[in-house]
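K.L.:
please work out how this folds:
(one chain, ligands or ions: 2)
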Amino acid sequence: MSSTSVTPSVLIVGAGPAGSVLALTLLKNGIPVRIVDKEGPQIGQKGLGVQPRSLEMHHFLGTLPDFLSIARRLPVCNIYKTPGGTEILKTIEIDPFEEPTPDSPYINSLMLGQHRQQSILHRHLEKYGCKAEFLTEMRSFQQFDDHVLATLVTKDQDGTEISETVKVPYLVGTDGAHSTVRKALGLNFLGETRDDVNMIIGDIHVKGGLERKFWHSWGEPSKLVALIPTEVDDDIFTFMIGGTESDQAKTASGRDELVKTISFITDRTDIDFGELVWISRYRPNIRMVDKFGEGRVFVAGDAAHIHSPTGGQGTNSGVQDSFNLGWKLALVLKGVSPSSLLATYTEERLPVIAAMLDKSTLLLNRSLAPSPVQGHNWERGKEFKQLGVNYRGSSTLVDETIALTQDLTPTDSYSLASDGVIHAGDRAPQAPSLETLHSNRNHSPALTSLFDIFGPDHHTLLVFGSSKFNGEAIASELSAYPQNLFKTVLILPTVGTSESELSDLVTQTSGVDLLLRDRDGYAHKYYPALPGPSTLVVVRPDGVVGAIVGGVEGLHQYLKGVFLTM
Ligand SMILES: Cc1cc2nc3c(=O)[nH]c(=O)nc-3n(C[C@H](O)[C@H](O)[C@H](O)COP(=O)(O)OP(=O)(O)OC[C@H]3O[C@@H](n4cnc5c(N)ncnc54)[C@H](O)[C@@H]3O)c2cc1C
Ligand SMILES: *[C@@H]1O[C@H](CO)[C@@H](O)[C@H](O)[C@H]1NC(C)=O
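P.N.:
Ligands and ions are numbered 1, 2, ... in the order given. Just a heads-up that it's a prediction; the model follows:
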């Protein structure tokens, strides 16, 4: 089953989206993992919204082409008048189309069922010789100073339990809302259960009578049906049904009762329903942990936070937890970073998740409120794309663009400050059309982009300003660490570098991996410049700006915060 020839460094409990992204991030760093799930492959669309920030993460993980080939845009939502059920009362765009820009090439949300996301990710794990181990339950674990012992249980053909003890340096629970790992750690899971909300969710085949081009909706919050076509290549619709407690029990009892309720609310008898894929009653819980781990054990995804599906943040927040934790665990396991780096996982994700819970709850409240148009307050803000999520104020960041006295702690971890200027802790923007002038270590295409240079297994050092460029000083600052943990990229302005300067630079660039020319000026436009001769922007493996500094002293300060002094 697993690649047991290699001793795993991390045991990942739960092979949903959060666990799978963590596994892939670690494997891309050369860290061996085991990833187990007590169930088989997941069934159903569930967390089906894929937000732009997640698409960017998939770019870095190499999984994006597979997502783009089968995901679709959020359809326009038709709200129908009842009785009758066919006359359109209102059309709303839940996620109005935005024109991509050079710094944000993926700016529109997409839909892709959670089970399809899982299978794409698992295919990528297999490229690294790692197979998610299904029907393998983690029952209990014990923490020691330098390792964790976990008990895994599988069943043989006769149903006899086979138990195995695994010893690993770290364990991560991505085991969903009912997380065994969270409970065993005794983490608080604070929040509320919304007894006032009764929903039924599931997937059903629709053989005819309903256009797949639209999201269809009828009724009002207390008696609502939404049918949402999700993927391009099948006839499945995801349904959401709002109603009262007593109605819901009956509706959820099976396909025929479900179809009856839908016909009753929509007043439509012409929709040809096929088989039911899955159905579940759902009452939002709005809860989160107050720390994302303890010692050598961490939680991510639904194990750490659950909330209303309004706004489509669930899966996305979970995979971003994993992407934040993954590179840090990798550096600690490589022996180059102190284990205290792992504390920044809670430090950075906690305020973001708290903000997300507020925002998705606000959207839930709005969607329940009576509205002029039969209660369909589904339009959502751009912040749900998660491009403004930031870690400003986090302890390892270094930012010389601000005065020391200025407090960079964000008032909103979900939205960038209004100054529109990039600070340490922000998402690092894309910049396309960079011409490769010289490449020392990595093969680089003639025309490249920052997103193609960033990656989960290295920090990228972007150096702007060539005149006083000191590649040697940077190289000597980095020489204490394994070379493959960094990519140093010198970005020359569009114009202003003479041919002779250029040839000098090429011969002097022993300290850089890539010498690029900012052909269309995007890198210089989107990235900040300090008043001095050069600006160094450090981009972390998770595509977040770690430092903006004017020279090697600032770089040294950043490295000291993230890496061990070698
Ligand atoms: C009914 C339902 C509907 C939803 N609808 C939406 C929606 O419309 N939009 C949205 O954004 N989100 C939705 N969500 C939430 C979304 O599905 C989650 O946010 C997302 O699945 C979180 O991913 P995850 O990887 O953290 O956890 P999960 O996908 O829940 O994965 C956890 C995995 O851990 C495994 N596991 C649990 N315990 C153990 C153990 N002890 N040992 C081994 N394996 C274990 C489970 O089998 C499971 O596969 C919905 C969730 C549910 C349950
Ligand atoms: C949403 O509504 C609930 C119940 O009415 C209320 O307790 C909560 O404060 C509201 N939350 C937000 C973020 O508006």
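K.L.:
excluding sequence neighbours, find me the nearest residue to the residue in the stretch 51-200 of the chain that ligand 2 sits nearest to.
P.N.:
The minimum distance from the stretch 51-200 of the chain to ligand 2, using CB to the nearest ligand atom, falls at Asp196 (6.6 Å). All C-beta atoms are positioned from the backbone trio N, CA, C, and that covers glycine. Distance criterion CB to CB, 6 or more residues apart in numbering; nearest residue to Asp196, sequence neighbours excluded, is Leu368 at 7.6 Å.
K.L.:
so how far is ligand 1 from the residue of the chain found nearest ligand 2?
P.N.:
Proximity to ligand 2, evaluated over the chain using CB to the nearest ligand atom, is greatest for Asn365 at 3.8 Å. Distance, Asn365 to ligand 1, by CB to the nearest ligand atom, to the nearest Å: 17 Å.
K.L.:
distance from the chain centre to the helix or strand hosting that residue, please.
P.N.:
Applying DSSP states H and E as the criterion places Asn365 in helix 343-368. Mean-position distance between helix 343-368 and its chain equals 14 Å (CA atoms, centre = their mean, to the nearest Å).
K.L.:
go on, stretch 328-346?
P.N.:
So, by CA atoms, centre = their mean, the centroid of stretch 328-346 is 19 Å from its chain's centroid.
K.L.:
if we can go back for a sec, okay, now the residue of the chain closest to ligand 2: neighbour count?
P.N.:
15 (other CB atoms under 10 Å).
K.L.:
how about Ala480?
P.N.:
12.
K.L.:
nearest residue to it in space, ignoring adjacent ones along the chain?
P.N.:
Of all residues not flanking Ala480 in the chain, Met566 sits nearest, at 3.7 Å (CB to CB, 6+ apart).
K.L.:
in the stretch 351-500 of the chain, what residue comes closest to ligand 1?
P.N.:
Nearest residue of the stretch 351-500 of the chain to ligand 1: Ser360, at 8.6 Å (CB to the nearest ligand atom).
K.L.:
residues contacting that residue?
P.N.:
Counting by CB atoms under 8 Å, 6 or more residues apart in numbering, Ser360 makes contact with Ile286, His307, Ser308, Pro309, Thr310, Gly311, Gln313.
K.L.:
would you mind confirming that the fifth one makes contact with Leu364?
P.N.:
I take that to be Thr310. Yes - counting by CB atoms under 8 Å, Thr310 touches Leu364, with 4.5 Å between them.
K.L.:
how near is the residue of the stretch 351-500 of the chain closest to ligand 1 to Gly49?
P.N.:
Separation of Ser360 from Gly49 (CB to CB, to the nearest Å): 11 Å.
K.L.:
and if you look at Val259?
P.N.:
In terms of CB to CB, Val259 sits 26 Å off from Gly49.
K.L.:
of the two, which one has the most company?
P.N.:
Per other CB under 10 Å, whichever of Val259 and Gly49 has more neighbours is Gly49, with 25 against 16.
K.L.:
can you report how many residues lie near the nearest residue to Gly176 once chain neighbours are set aside?
P.N.:
Distances taken as CB to CB, 6+ apart place Asp302 nearest to Gly176, at 4.6 Å, with adjacent residues excluded. Neighbour count for Asp302, taken as other CB under 10 Å: 26.
K.L.:
quick one: residues contacting Asp302.
P.N.:
Contacts for Asp302 (CB under 8 Å, 6+ apart) come out as Gly16, Ala18, Gly176, Ala177, Ser179, Gly314, Gly318.
K.L.:
report the two of those separated the most.
P.N.:
By the measure CB to CB, Ser179 and Gly314 form the most distant pair in the contacts of Asp302, at 14.3 Å.
K.L.:
for the closest residue in space to Glu348 that isn't next to it in sequence, helix, strand, or coil?
P.N.:
Excluding the flanking residues, the one nearest Glu348 by CB to CB, 6+ apart is Tyr391, at 4.2 Å. What DSSP: H, G, I helix; E, B strand; the rest coil gives for Tyr391 is coil.
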